[in-house]
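K.L.:
need the 3D shape of this:
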Amino acid sequence: MKETNQLRSQYGDDIILYDEQDESTVYRILAEFKLGEQGYAVIQSDELKKEEEVAIFKVSVKQDGELELETIEDDDEWETVSELYDEMTFPADIE
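P.N.:
Numbers count the residues shown, from 1 in each chain. Take a look at the predicted model:
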């Protein structure tokens, strides 16, 4: 795993996402990293923060060079990425 900053470089600390009804939500970029060749982003809206939850997405690069967030469809992949983020955020206590 390697930490990256592709989204922050392009958008700053916050990113605006739109839902199916074209409603916008501001998300804070908490972490970005690559696992192998695949990039991931951990983001959090004010609503998710209240619930102490985060959203995790794949980061891909479109042909025009623009970054795109994609939902992680595979449960095993999501679990792996979620656990890696937990380890980054809450390192194991060193005895």
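K.L.:
gap between residue 19 and residue 26?
P.N.:
13 Å (CB to CB, to the nearest Å). For every residue, glycine as well, the C-beta is placed using N, CA and C.
K.L.:
looking at those two, which one has more neighbours?
P.N.:
residue 26 (11 against 8; other CB atoms under 10 Å).
K.L.:
what about stretch 48-61, how long is it end to end?
P.N.:
For stretch 48-61, the first-to-last residue distance is 26 Å (CA to CA, to the nearest Å).
K.L.:
name the element residue 47 belongs to?
P.N.:
helix 46-50 (DSSP states H and E).
K.L.:
contacts for that helix?
P.N.:
By CB atoms under 8 Å, 6 or more residues apart in numbering, the residues outside helix 46-50 that reach it are 25, 26, 28, 54, 55.
K.L.:
give the pairing partners of the strand ranked longest in the chain; include direction for each.
P.N.:
As assigned by DSSP state E, the longest strand anywhere in the chain is strand 24-35. Paired neighbours of strand 24-35 in the sheet (DSSP bridges): strand 2-3 (antiparallel), strand 14-18 (antiparallel), strand 38-45 (antiparallel).
K.L.:
and residue 82, how many neighbours does it have?
P.N.:
The number of residues near residue 82, taken as other CB under 10 Å, comes to 15.
K.L.:
again, but for residue 69
P.N.:
Neighbours of residue 69 (other CB under 10 Å): 18.
K.L.:
and if you look at residue 62?
P.N.:
8.
K.L.:
which residues does the closest residue to it other than its chain neighbours bridge with?
P.N.:
Among residues not flanking residue 62 along the chain, residue 68 sits closest, at 5.4 Å (CB to CB, 6 or more residues apart in numbering). Judged by DSSP bridges, the bridge partners of residue 68 are residue 60.
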